[in-house]
Every structure is written in structure tokens, then in C-alpha cells.
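*Asks:* Starting from these lines, generate the structure:
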Amino acid sequence: MNAGGAGHTPSAAYGQPTRLLILAVWFGLLTGLAEVCALAIKRFVLRRTVALSWKVVWMGPLANVILFTLVGLILFLVARRWSKIVSLRVAIFVFAFLGYLSLLVMIPRLHLSALLVLAAGLAMQTARIVGAHPAQFHALAGRSLRALAIFRGRSQQHGRREGEQGGATPVVSRRQILLSTGTTIAGLAVGVHGWQELAERRALGKLPPASPEAPNVLLIVLDTVRAQSLSLYGYARPTTPELERWAKRGVMFERAVSTAPWTLPSHASMFTGCLPYEHSADWSTPLDTTHPTLAEVLGAHGYLSAGFVANLIYCNYARGLNRGFIYYEDYPTSPGQVILSSSLGRAVASNNTLRNALGYHEVLNRKTAADVNTDFLRWLSHQGRRPFFVFLNYMDAHEPYLPPGPFDVQFGHQRPRGHFWHSPVDAGRMDKWKMSAQELQVERDAYDGAIAYLDHHLGRLFAGLEKGGVLEKTLVIITSDHGEEFGEHGLFGHGVSLYLPSLHVPLLISFPSRVPAGTRVREPVSLRDLPATVLDLLKLEGRPRFPGNSLVRHWNGTSAPASLVTEPLLSEVNFAPNNPEWYPVSKGNMKSLIAQPYHYIKNGDGREELYDLEKDPFERHDLARAEEGRRTIERFRASLETMLARNRVSS
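*Replies:* Numbering: from 1, shown residues only. Alright, predicted model coming up:
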């Protein structure tokens, strides 16, 4: 870089690749580190949820260095063709514009036009100042680069000079820049992963001893898989042959009900035994530390706990579900995750116009069932003799429904068409209620194919564990956090209602010698009872005990508590914004109760619904206005008030 001159640097000087590379690396690293600082302020000062991996500390700078270097390459190619265009001020303007835009795009709800105008204005002022004081800028750049450990061998570099019009510039080879930049980013990566490794070692050191004969626990959650679409539950298509074989090894619950029609509160109930109104987990609120989790309780008994999750929307560490786990793997280390670690990468990934024009709707950091299996089995191969509690979360049946081949065409699915919305970790089709019957069938074909893909990899997982002799001493629970709606009651997706397609989920429990094989349970059960069931099957005594009641009573002949005979199964969903106004969840907080054979729903606007699930399993005939229905609703009202009053007293 030219250190002299009164404000003008020859165009040719900035058409040289090494000089543009230095500028690109300098701006890229500073922008990446500035983004990390902004996220740290949001997380630790403003106490806001930051749904990004800790790896952003090194992935953010890496992503920005790559982006800025690519822009520098474009400038170099332009300079080769039109040498007079690329001056110092032009190069500074371009890089500064990208840097300011990267930071401004992190401000929520700022319009694109405002972003571009602000970034351009700030970049013009930066280019003007640097153009007037190039020597001072070069000195600042040199000092900051050396501080970031990019310049090495300083004494050698000072001796190398290249004459330029208006001054002289220290020369740094491209190899030195790339090597030193890699060293800097690698140092950040080592720091982050080293900190996580240290935390894991400390947690391991605090574990009490455990009996080597203690059984393992494997909790498998098939995210967004509704029972209605499984051949295991009578669906016409062969979507789950592996689960059908697996069901013969243990107990299958025909009417398992989730506590919520979406991920976070449902998982929170499975981990704590608490109902949604008893714990904190909600749309913008993570699970707090009020109630102990299954991972914490098992850890107190010496269990080694690990979570491998594919749902990066609501199962990431920022949502509180990782509490108690010694090892928790959410965000992957992948090219897609590197892209999403920069603010501009996230903005591009969420740009509906661009993504729809390209016809590319895959989530960039999506983890497939094969990925989750690989991560879990790799971890398991390095463990000792301690019993483990492992939580596996699979995301393959969640929107966008994009199963890989050959499962993408197993049920006639074609490439998805229409307009999609996108976020960094999610995507889905817009205006689903406007789909034709043929378009809706394509959606269902794809969903069924995704379930078949997931079922296939569950079979491979079980085969691998069987071969290693793990299953003989492992309690395995397979379920889903919620279902999915495909036009029933005019609704789509999940988290928008409390109808059965969103609440009825699969539930299988197998455990050699303690769970009878080939057993089916017809009575409705709630997923909130899973923690109590685990402790019962493991025969763990002491405190804390989980709320809810063990499901073991359904096959060992023990009688249920008197309160359990009459208390219905509760499910809830709170008001959620940004949904069509006719969606039930748009009218306020909702609650539902299930007590054989009825399903009672209280909507946010006060309207009540009642369905006889024995005679009307698809909930097509509302009995709320019938004489018998009104008397039944009165009983449900009383039950609901009793449950809520009990919680008010306990809190």
C-alpha cells in the first residue's frame, strides 16, 4: 500500500492483488469481530436471546474474510480491464460499504432502502477521510493487522520496500497474509472449542459414581411427526416399516398426546414433567432454571448425558433445553453454518426474492437423520463404562419437506413449486390455504417421503446399536414433540391450533426385561409423564421426583392414583403473532383437555369446541351446542379451573 501522497493513490497500485488482499482481510476481520461484539452486547448486556452458535466467534470472522476477499478479487478483475477505476478511495468505499452494511443489517426492522443509504453515506465519508490522510490510514491498518497477528516477521517486512508514485509501501506476500489470517481465525476456534471442552471436563469431574450395571436411556424425538401419517398407526402408505418392527419389542401407545403443538414447550414438558402453564418456555422465553430437568436428575445419579439435535430453531442451547447435558451438539460445523455466521449471509439466506428465483429452499445448516446418527455414534464410540442418557432430535419431517432421493419420489413427490418464505434456520411455503388439491397432495407426498427417510435411518441406527450390544441394556423411548396439519379445519403447519393432527404423536417404549414386548395401550396418555416413567423404569429413588405419573401402570397391573382417573390430559398454546387472523392461535391463549372419549378445546376468544374421538376421530362434528355436549363441557370447565387453581396455590 502506498504510504505517501497528498490524498491520491494511483489506480494501478490498487489493481495489484496483494494490496487488495490486505485491504480485504483487514476490513473482513474487523467487520467479523465487530459483529461478534454486537452479538455479545445483545446477549450479555441487553439479555436478549441470541440464536446463534458459539462458533460464530470464529466462523463470523472467517465468513467475512471470505466475502471481502471475493469482493477484492472482483475489484482486481475490474482493475485489469479498466485500470483507472480502482483508486484508493474506490477500494475503501467498497469495503467500508460492505462493513457498515454488515453491522446495520443486524438492526431489526430497518428497511432495506434505509440500510443501503446509511451504509453508502458512511462509506463515502470513510473513503473521503482516508483519501485525505492515506499515510495515517496505512499506519492504522498496519498496527491493527499486527495486533490481530496477521503480520509476522515484522523485522523482515520493514526491510522490503517497493517504490511507488508518491511514496513507499511495505510488501507482504499473499502467502504470509493467508497463513497469518488462518492462524488468527484458528486461534479463535481453538479458544471457543477449548472453552467448551474445559466445561465438559469440569462437568464430568463433578459426576458422582454410577453403577456400571445401570441401564442406558435413549430418548428419540421425531420432530413434527404426527401419528396420523405413520403406517405404524394404520396409515395406508408404508411410511414406517422400521418402527413397525421396533414396536414389537415393547409397548406402543395408541393415543399419546403432546402438551403443546410446537417444539419448545413440548420438549420442556418432556424434560421437566411440567405442563406448559407451569414452566416458562414460550415463543420468546427460554426454559428457565425453576424446575429440574431429566438430564440434571440423571446426572445426579452418575449418568453421562448428551444431546444431538437437528432443530436449530427451538432446540438450540439458547432456548434452555441443554440444561443438565454435559455434551450438547446443536449447530453443525459446516459451510452452510459458516455462511449463516455472518450478518450478510443470514440476510441473503432469508431473502425470499432471491431464494424463490433460484428455486432453492433448503436450510443451509440443516442436519439430516444421517448426520445426527453419525454424530451420536461417533460420540458413543469414545465413551467409557458409565451409563448414558442421550437425547436425539430429528428434523427431517419439518418444513421445508425436502427428503433426499430416493425418498423424494417414493410417494409421487415432485419438486416443490410456489413461493416460499425463508429464515436462517427455517423455510416454508407461503399462502398454503390457497393451494390447489394437487399442490396440497405434493406437500403431503413430500412429508410422507421425509418420514420414510427418517424411518430408514432409525432402522440403521438400531442396527448399529444392536451390533454393538448397546440395546440389550438401554431404555429406548421414541416419540414426537407435536404433529402437523395439512388442511384439516383449513389449517396448515403446527403451533396454530389444538386439534388432534397437531397433538396426537407416536410413543414407543422398549426395555428388555422391564417392558413387555408386543403390548398396545389404548388409553390416552400425556408426554409430560415421560420423566416420571424413566425414573420408575430405572428404579431410581430419592429426590427430586418429577410431576406426572409413571406410564408403567399401563402394563404392570398397578392401579392409577384416584386423581389420575378423573383428571384430563392438558395441552396448551399461547397467542402467537404473524399468523392469519382466522387461525385459532391468533385469537388468544388456548387450552384443550382430553378425557376418553372427548376432546375439549377452549379458544382464545372464549369459543368452546367438543369432539367425540371414538365416533369422530377427525374432529369434523362439533358437539358444543348439543345438549349432551353442553353438560360435558361444564365438567371440562370445572376440571380446567381445578387444575389452574392448583397451580396458583403451588406457585
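
*Asks:* Where in this structure is the helix or strand with the lowest mean pLDDT?
*Replies:* strand 161-164 (a mean of 40; mean pLDDT, DSSP states H and E).

*Asks:* average model confidence for stretch 635-651?
*Replies:* For stretch 635-651, mean pLDDT is 80.

*Asks:* Please apply the same query to stretch 88-99.
*Replies:* Across stretch 88-99, the average pLDDT comes to 94.

*Asks:* repeat for stretch 583-592
*Replies:* pLDDT averaged over stretch 583-592 gives 95.

*Asks:* Which phi and psi values does the spatially most central residue of the chain adopt?
*Replies:* With distances taken as CA atoms, centre = their mean, residue 312 lies nearest the centre of the chain, 0.8 Å away. Backbone dihedrals for residue 312, given as degrees, to the nearest 10, come out at phi -90, psi 0.

*Asks:* ok, now which ones touch it?
*Replies:* Contact analysis of residue 312 by CB atoms under 8 Å, 6 or more residues apart in numbering lists 51, 330, 331, 365, 367, 395, 425. Heads up, the C-betas are built off the backbone N, CA and C, glycines and all.

*Asks:* tally of neighbours for residue 136?
*Replies:* Other residues within reach of residue 136, judged by other CB atoms under 10 Å, total 12.

*Asks:* For it, give me its contacts.
*Replies:* Residue 136 neighbours (CB under 8 Å, 6+ apart): none.

*Asks:* Provide the secondary structure category for it.
*Replies:* Assigned by DSSP: H, G, I helix; E, B strand; the rest coil, the conformation of residue 136 is helix.

*Asks:* List buried members of the contacts of residue 312 by neighbour count.
*Replies:* By neighbour count, with 16 or more other CB atoms under 10 Å, those hold 51, 330, 331, 365, 367, 395, 425 as buried.

*Asks:* Name the nearest of these relative to residue 277.
*Replies:* Comparing the buried ones among the contacts of residue 312 against residue 277 with CB to CB places residue 51 closest, at 24.3 Å.

*Asks:* Secondary structure of the closest one: a strand, I assume?
*Replies:* No: with three-state DSSP as the criterion, residue 51 is coil rather than part of a strand.

*Asks:* Please name the nearest non-neighbouring residue to it.
*Replies:* Nearest non-adjacent residue to residue 51, counting by CB to CB, 6 or more residues apart in numbering: residue 318, 5.2 Å away.

*Asks:* quick one on the thing from earlier: give me the pLDDT value at the residue nearest to the centre of the chain.
*Replies:* Model confidence at residue 312 (pLDDT) stands at 96.

*Asks:* ok, now how distant is it from residue 372?
*Replies:* According to CB to CB, to the nearest Å, residue 312 and residue 372 sit 12 Å apart.

*Asks:* where in the protein is pLDDT low?
*Replies:* By pLDDT under 70, the weakly predicted segments of the chain are 1-16, 142-177, 543, 558-566, 647-651.

*Asks:* Longest helix of it, counting residues only.
*Replies:* The longest helix of the chain (DSSP state H) is helix 174-206.

*Asks:* I'd like to know which elements whichever strand or helix holds residue 220 is packed against.
*Replies:* Here residue 220 sits within strand 216-222, counting by DSSP states H and E. Packed against strand 216-222 by the contact rule (3 or more CB pairs under 8 Å, 6 or more residues apart in numbering; DSSP states H and E) you find helix 263-272, strand 388-394, helix 437-467, strand 474-479, helix 530-538.

*Asks:* just these: most buried one?
*Replies:* helix 263-272 (a mean of 28; mean count of other CB atoms under 10 Å).

*Asks:* Please list the outside residues in contact with that one.
*Replies:* Helix 263-272 is contacted from outside by 219, 221, 223, 258-260, 274-276, 279-283, 286-287, 291-295, 311, 313-315, 319-321, 393, 479, 481-482, 527-528, 530-531, 546-547, 572-573, using CB under 8 Å, 6+ apart.

*Asks:* Then stretch 48-57?
*Replies:* The contact list for stretch 48-57, computed with CB under 8 Å, 6+ apart, reads 35-36, 39, 42-43, 59, 188-189, 191-192, 196, 284, 286, 312-313, 316-319, 330-331, 333, 337, 340-341, 425.

*Asks:* The contacts of helix 263-272 in helices, which ones?
*Replies:* Reading helices off those with DSSP H, I get 294, 295, 530, 531.

*Asks:* of these, closest to residue 633?
*Replies:* Using CB to CB, residue 530 comes nearest to residue 633 of the ones in helices among the contacts of helix 263-272, at 29.4 Å.

*Asks:* How about the contacts made by the residue nearest to residue 367 when sequence neighbours are not counted?
*Replies:* Once flanking residues are discounted, residue 367 sits nearest to residue 310: 4.0 Å by CB to CB, 6+ apart. Residues near residue 310 by CB under 8 Å, 6+ apart: 223, 366, 367, 368, 369, 371, 372, 393, 394, 395, 396.

*Asks:* pretty sure the last one contacts residue 404?
*Replies:* No: contact between residue 396 and residue 404 fails when scored by CB atoms under 8 Å: they sit 9.2 Å apart.

*Asks:* hey, where'd the strands end up in the stretch 201-350 of the chain?
*Replies:* With strands called from DSSP state E, counting those that start in this stretch, the stretch 201-350 of the chain shows them at 216-222, 251-253, 256-257, 304-309, 327-329.
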